[in-house]
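Visitor: sequence and predicted model, in that order:
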Amino acid sequence: VVLAHTKLRTHRIRTGVVVAVAGLLFGLIAAVAIIAQGVFNSVDSFSDEGLNSRTILTVTRPGGSNVFNEYESRTDLAFVAEVKAEHARIVAEKTAAAKKYSIEYNAATMDPSPIAIDPDLKQEVVKEAALSDKAVQNVANARRAANYTPFDIQGYIADYPSASVIQKDHQVMPVDGQLVYMKEGQESQSSNMNNQMTMYDSNSPTLSILDGSITTPFVSVKDFDYSSGDIPVIIPYSAAEKLLKLEALPSGTSSEDKYNRLLEVRDRVGEITARYCYRNSASQSLLSEAVAQQEQMKASKDYKPSIEYSVPDKDSCGAVTIVKDSRTSGEKQADQRMKSYEREIGEYTGEPAQQLITVRGVGISSELSTTGQ
């Protein structure tokens, strides 16, 4: 599995470095180079300029009134008609596919209409409870796409000769599945998929990608070994201190001792590693099923599932494997037909995929906080 946002194995560390931050990294990033009362100014390898002479802003174009809102259009007859037609198309597609693969399908219960008669307006409207329905979202997304115009950032900064555009920071969030921090190198495994998808707490470190022009001044490890497979990261000073298991300095510590601590953290940052486990939604679902199965087998010796799974070790981020498959040929054929049906109607989640990811420190930064904190 290759994660687009984590494929950082370039041959030059300056081209882009992931920044591990304890929280979301959005909004204004200002004076990011001010760390430990400017003590970095005395560190020879720290850039003379750093970021102290620059102000870095995130420019965002607000949606405004031209962005389509399906809730506000619930009663619009044209929108209702489009949703009604799209729902009919989806039902027809599923009905045909179900017949083709001998799958039981009841549109009334499995895909109820998102349209209803409003008792006050005396007309058809999109049900408020059905705004997340596939047909509603298909039509709404098509309207949003039709009205979208790219933001001309170069035109926006044309009046500012000294301004330049750098790549926007991106929090590493897979489109499918989750990239989860393995606390103490262990993956949290649960029989509830929702628990697996919300394993972050407020203190869990997340990963963000910043432009190399921002991160370069903070890189202190110059001999990073890309062949190791580790991903280079810059870590906020306080987080690095904790990961190195250093006792916090007491209040009243002298400036010299603070400076020496800073140097120690900076010199030892290359020792810091952290592990993340990526699982796509199919892998998450299968892991939940396997954990639930083990729990049920422990609770009841009479429980004999037709497919018996093995749960991977918590430190492996490994695949769920099949220990025993006692399905009949008919059951196997039925499962294969269901998979073919899901593929045809676009609801197949894919084969389970997972990847263990290790990050290693290459520098420290100041504390990065969310705007408004």
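Guide: Yes, it's here. Quick caveat, the model's predicted, so the values are computed rather than measured.

Visitor: C-alpha from now on. contacts and neighbour counts both.
Guide: Noted.

Visitor: for the stretch 201-350 of the chain, just list every one of the helices.
Guide: 212-215, 237-243, 255-268, 281-299, 329-344 (DSSP state H, counting those that start in this stretch).

Visitor: pLDDT on the first one, on average?
Guide: Across helix 212-215, the average pLDDT comes to 82.

Visitor: can I see the domain layout of the chain?
Guide: Structural domains assigned to the chain are 1-25+166-373, 77-147, following automatic domain parsing.

Visitor: mind putting those domains in JSON lines, mean neighbour count included?
Guide: Listed next are the domains of the chain as JSON lines, based on neighbours: other CA atoms under 10 Å:
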{"stretch": "domain 1-25+166-373", "mean neighbour count": "17"}
{"stretch": "domain 77-147", "mean neighbour count": "15"}
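
Visitor: select, out of the ones you listed, the one closest to Thr55.
Guide: Closest approach to Thr55 among the domains of the chain (CA to CA): domain 1-25+166-373, 11.0 Å.

Visitor: hmm, who's touching the longest helix anywhere in the chain?
Guide: The residue-count maximum for a helix in the chain (DSSP state H) belongs to helix 77-100. Helix 77-100 is contacted from outside by 73-74, 103-105, 107, 111, 113-115, 124-126, 134-136, 138-139, 341, 344-345, using CA atoms under 8 Å, 6 or more residues apart in numbering.

Visitor: if you rank every helix and strand of the protein by mean pLDDT, what lands last?
Guide: Ranked by mean pLDDT, DSSP states H and E, the weakest helix or strand in the chain is strand 16-21, scoring a mean of 42.

Visitor: mind listing which of the contacts of helix 77-100 are in strands?
Guide: 115, 124-126 (DSSP state E).

Visitor: quick check: end-to-end length of stretch 159-173?
Guide: 34 Å (CA to CA, to the nearest Å).

Visitor: distance from the chain centre to that stretch, please.
Guide: How far stretch 159-173 lies from its chain's middle: 21 Å, per CA atoms, centre = their mean, to the nearest Å.

Visitor: heads up, I number from 476, so please use that
Guide: Yes, from this point I'll number from 476; that puts the last item at stretch 634-648.

Visitor: quick one: mean pLDDT for it?
Guide: Mean predicted lDDT for stretch 634-648 stands at 83.

Visitor: swap in stretch 659-673?
Guide: Rounded mean pLDDT across stretch 659-673 is 70.

Visitor: same question, stretch 721-740
Guide: Here the average pLDDT along stretch 721-740 is 94.

Visitor: for it, C-alpha coordinates in CSV please.
Guide: Provided in CSV are the C-alpha atoms of stretch 721-740 (Å, rounded to 0.1, in the frame of the first residue of the first chain):
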residue,chain,number,x,y,z
LEU,A,721,13.6,13.4,29.8
GLU,A,722,12.2,14.8,33.1
ALA,A,723,10.8,18.3,32.7
LEU,A,724,13.1,21.0,33.9
PRO,A,725,11.9,22.5,37.2
SER,A,726,10.8,26.1,37.5
GLY,A,727,13.7,28.5,38.1
THR,A,728,16.0,26.5,35.9
SER,A,729,18.9,28.7,34.6
SER,A,730,19.1,29.9,31.0
GLU,A,731,22.3,27.9,30.6
ASP,A,732,20.6,24.7,31.7
LYS,A,733,17.6,25.4,29.4
TYR,A,734,20.0,25.9,26.6
ASN,A,735,21.9,22.7,27.4
ARG,A,736,18.6,20.8,27.5
LEU,A,737,17.6,22.3,24.1
LEU,A,738,20.9,21.1,22.6
GLU,A,739,20.5,17.6,24.1
VAL,A,740,17.0,17.3,22.6
